[in-house]
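Engineer: Provided below are the primary sequence and the corresponding predicted coordinates.
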Amino acid sequence: MCAPGYGEKGGQCVRGAPSASVVAAAAGETTQTNKPRPIVRDLVLLQNCLKEAGYLKGPVGKKVTRAGWSAFWYFKRDHKVGRTPNGMYNKRAQKKLFALCPKVLETALKGGDENKDGTGKGAQAGASVQATTTPTSFAKPEVGCLPSDLFALIRRTYGKRENLKRCTQTCVPIPKGLTKAEIADYEKKRGVRWCKSCIELVSHLPLDDILRIERGAKVQICTRPPTQLPRWSHPAQRARKAYTKVREIYRAYKRKTKHEKDIAVIIGNRSYKGELPVHETAHNNAGAMYALLSEHLGFGQANIIDLRDATKRDLQDLFGRGEKRQGDLWRRLQKEPGARVLIYYAGHATTNANQSESYLLPVDAIKHREAQSGYAMSELYKSLRLLGASSVTLMLEASFGRDVSAFVFPPNLPEMWVKSLPSSAIRGLTVMTAADRDQKVLDDPHYSIGLFTRYLIEGLAGQADIAPIGNGDGRIETVELYAFTARMVRLTARKSYGLLQRPVLSQKKNLVVSSMRAKVQR
């Protein structure tokens with residue numbers, strides 16, 4: 001069933017210009033065939049956007065009051081809009097404003113009357129933009145589905161699952177700046193599927209807002225990325241956000257109590273020396289993971305090895321060196337024989353020029369001198385092979401490319417073939433990486449932690465055990481955790497950023513990562 005203003009044709013929702021042109025206004029873009037229609041002349045709608053964005057505190061009326069113009073001025077100042085000779089009928093101002101009011105935008109897409117004016121009457125959102133244009137088809141959004149590889153992994157591991165669906169329309173929008181030849185090359189030679197039947201936005205919105213708008217309008221929305229994106233924004237606020245908000249992710253799930261004897265290692269490398277840039281979210285990532293393990297998963301604080309800004313010597317002392325590899329972690333296991341081990345790393349990583357070895361980068365590493373100053377993944381795997389734990393889960397919030405800059409270049413395809421995963425299976429060891437090969441990892445702006453870490457936390461808290469991905473048996477297994485985390489990271493990267501990010505699992509053998517006394521409830 002399509003939203004008001006839409007008709008179904010060939011399995012798709014077909015719209016005329018009315019409400020979808022509001023989204024085109026928010027994007028400052030056109031759909032496939034329409035000319036740009038960025039100007040919305042509904043003052044009630046614009047004032048409701050200012051109200052949702054927090055600028056307008058008073059009532060909304062058919063005419064803009066002095067308070068309304070003051071709110072518009074403060075909005076322009078905060079978002080560096082500049083002069084607007086036409087007042088609120090300004091293309092650039094409206095593009096920025098609509099990115100701040102997803103609820104009003106959703107109502108406009110529905111063609112409803114939920115936007116209330118100062119008298120409490122319906123404002124008839126979008127009525128002033130009902131110009132006649134050539135209808136354009138948009139694909140319906142896919143809800144609750146899995147990409148083909150994750151779908152096949154779940155079916156192979158657990159058999160047929162009720163309500164588990166395979167995605168058929170997974171795509172990314174065409175980034176700005178690509179030539180026609182480059183677009184065709186990406187599609188033909190590298191298997192990229194470009195979005196050609198979605199409503200495009202150029203402003204980033206949280207995933208929940210995008211999905212809510214899609215559900216309301218029954219159309220796909222995609223975010224078109226610029227030629228390059230900064231990985232981090234407002235770094236000064238990140239430490240506060242991560243510690244105060246991360247509990248929102250896991251507090252709705254039942255606490256787990258069977259990890260008293262298990263051992264965890266958390267490494268967060270932020271403050272790099274020399275030419276390597278600061279990793280803005282590494283401490284936030286490590287702090288968020290520590291909070292989950294100690295507060296929710298039941299790890300004893302004495303069994304959590306917490307390393308911040310680790311040097312190469314610190315890593316060697318921790319994992320051991322020489323033939324026997326008897327480091328601090330090995331000695332800790334002698335006191336808890338048979339314990340499971342969870343190792344989490346957040347920070348920079350790299351691969352050498354001939355792609356024969358990958359390295360975690362300690363804070364004293366020297367740029368492009370990884371063989372001398374980095375900690376080789378092959379050395380780490382040798383230590384883990386001799387550790388003697390019942391199982392080891394290694395989670396890497398890192399990108400293994402040569403470029404460690406703070407920018408991401410769309411569509412964020414892996415360009416290298418790197419050796420960050422074990423070359424052969426190691427009994428009891430599972431490795432999860434945040435991205436495929438040298439893909440840049442992305443951050444969740446709400447929690448100020450990596451997307452991979454954000455969904456790892458939610459999955460470990462209990463969501464990965466919930467159907468249709470999970471089997472609800474009260475245990476989090478590696479396949480469940482990986483499938484949930486990978487699905488959400490890939491979905492958020494595409495919808496919120498218009499980019500690709502594909503977490504990778506080293507082996508498909510299913511190991512228990514976490515257990516609970518009772519089934520999860522949410």
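Structural biologist: Received the coordinates, thanks. Numbering: from 1, shown residues only.
Engineer: Can you spell out which helices and strands pack onto whichever strand or helix holds K76?
Structural biologist: K76 belongs to helix 66-78 when elements are defined using DSSP states H and E. Taking 3 or more Cβ pairs under 8 Å, 6 or more residues apart in numbering; DSSP states H and E as contact, the helices and strands that helix 66-78 lies on are helix 43-52, helix 91-98. Any C-beta I mention is one placed from the backbone N, CA and C, and that applies to glycine too.
Engineer: most packed of the ones you listed?
Structural biologist: With neighbours defined by mean count of other Cβ atoms under 10 Å, none of those is more surrounded on average than helix 43-52, at a mean of 24.
Engineer: rewinding a little: compile the helices and strands packed on helix 66-78 into JSON lines and extend it with columns for mean pLDDT.
Structural biologist: Rendered in JSON lines, the data for those read as follows (pLDDT from 0 to 100):
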{"stretch": "helix 43-52", "mean pLDDT": "89"}
{"stretch": "helix 91-98", "mean pLDDT": "82"}
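Engineer: Can I get those in TSV including distance to L201?
Structural biologist: Rendered in TSV, the data for those read as follows (distance: least, Cβ to Cβ, whole Å):
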stretch	distance to L201
helix 43-52	15
helix 91-98	9
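Engineer: Give me the angle between the helix holding K76 and helix 43-52.
Structural biologist: Counting by axes from the mean of the first three to the mean of the last three Cα atoms, to 10 degrees, helix 66-78 lies at 60 degrees to helix 43-52.
Engineer: for the record, mean pLDDT for helix 66-78?
Structural biologist: Taken as a whole, helix 66-78 carries a mean pLDDT of 90.
Engineer: Buried residues of that helix, list them for me.
Structural biologist: By neighbour count, and taking 16 or more other Cβ atoms under 10 Å as the criterion, the buried residues in helix 66-78 are G68, A71, F72, F75, K76.
Engineer: Following the chain onward from the longest helix along the chain, which element is next?
Structural biologist: Under DSSP state H, the helix in the chain containing the largest number of residues is helix 478-492. Per DSSP H and E, the first helix or strand lying C-terminal to helix 478-492 is strand 504-505.
Engineer: partners of the helix or strand following that following strand in the sheet?
Structural biologist: Secondary structure here is assigned by DSSP H and E; on that basis, the next helix or strand after strand 504-505 toward the C-terminus is strand 512-515. Using DSSP bridges, strand 512-515 pairs in its sheet with strand 475-477 (antiparallel).
Engineer: how near is T492 to S358?
Structural biologist: As for T492, its distance to S358 is 25 Å (criterion: Cβ to Cβ, to the nearest Å).
Engineer: So if I had to pick from these two, which one is more boxed in?
Structural biologist: Neighbours of T492 and S358, each counted by other Cβ atoms under 10 Å, are more numerous for S358; the result is 27 against 21.
Engineer: any idea which helix or strand carries the residue nearest to that one when sequence neighbours are not counted?
Structural biologist: Closest residue to S358 in three dimensions, ignoring its sequence neighbours and counting by Cβ to Cβ, 6 or more residues apart in numbering: S420, at 4.1 Å. In this structure, S420 is located outside every helix and strand according to DSSP H and E.
Engineer: Test for you: state the pLDDT assigned to S420.
Structural biologist: According to the prediction, S420 has pLDDT 90.
Engineer: Would you confirm that it contacts T351?
Structural biologist: Yes. Taking Cβ atoms under 8 Å as the contact criterion, S420 and T351 are neighbours in contact, 7.3 Å apart.
Engineer: Common neighbours of the two, please.
Structural biologist: Taking Cβ atoms under 8 Å, 6 or more residues apart in numbering as the criterion, S420 and T351 both touch S358, F400.
Engineer: which intervals of the protein have sub-threshold pLDDT?
Structural biologist: Where the chain drops to pLDDT under 70, the residues are 1-40, 108-137, 232-244, 257, 508, 515-522.
Engineer: Outline the domain layout of it.
Structural biologist: Domain assignment for the chain, taken from automatic domain parsing, gives 6-138, 230-515.
Engineer: Identify, out of those domains, the most deeply packed stretch.
Structural biologist: Between these, the one whose residues have the most neighbours on average, counting mean count of other Cβ under 10 Å, is domain 230-515 (a mean of 20).
Engineer: Would you mind measuring from I249 to Y359?
Structural biologist: For I249 relative to Y359 (Cβ to Cβ), the value is 30 Å.
Engineer: just I449 next, same as before
Structural biologist: Going from I449 to Y359 by Cβ to Cβ gives 23 Å.
Engineer: Show me what A349 is bridged to.
Structural biologist: A349 has the following beta-bridge partners by DSSP bridges: L360.
Engineer: Quick one: residues contacting it.
Structural biologist: If you count contacts by Cβ under 8 Å, 6+ apart, A349 has them with S358, Y359, L360, L361, L396, A398, S399, F400, S420.
Engineer: Using the three-state scheme, assign the residue nearest to F484 when sequence neighbours are not counted.
Structural biologist: The shortest distance from F484 to any residue other than its chain neighbours is 4.1 Å, reached at A464 (Cβ to Cβ, 6+ apart). Secondary structure of A464, reduced to three states by DSSP: H, G, I helix; E, B strand; the rest coil: helix.
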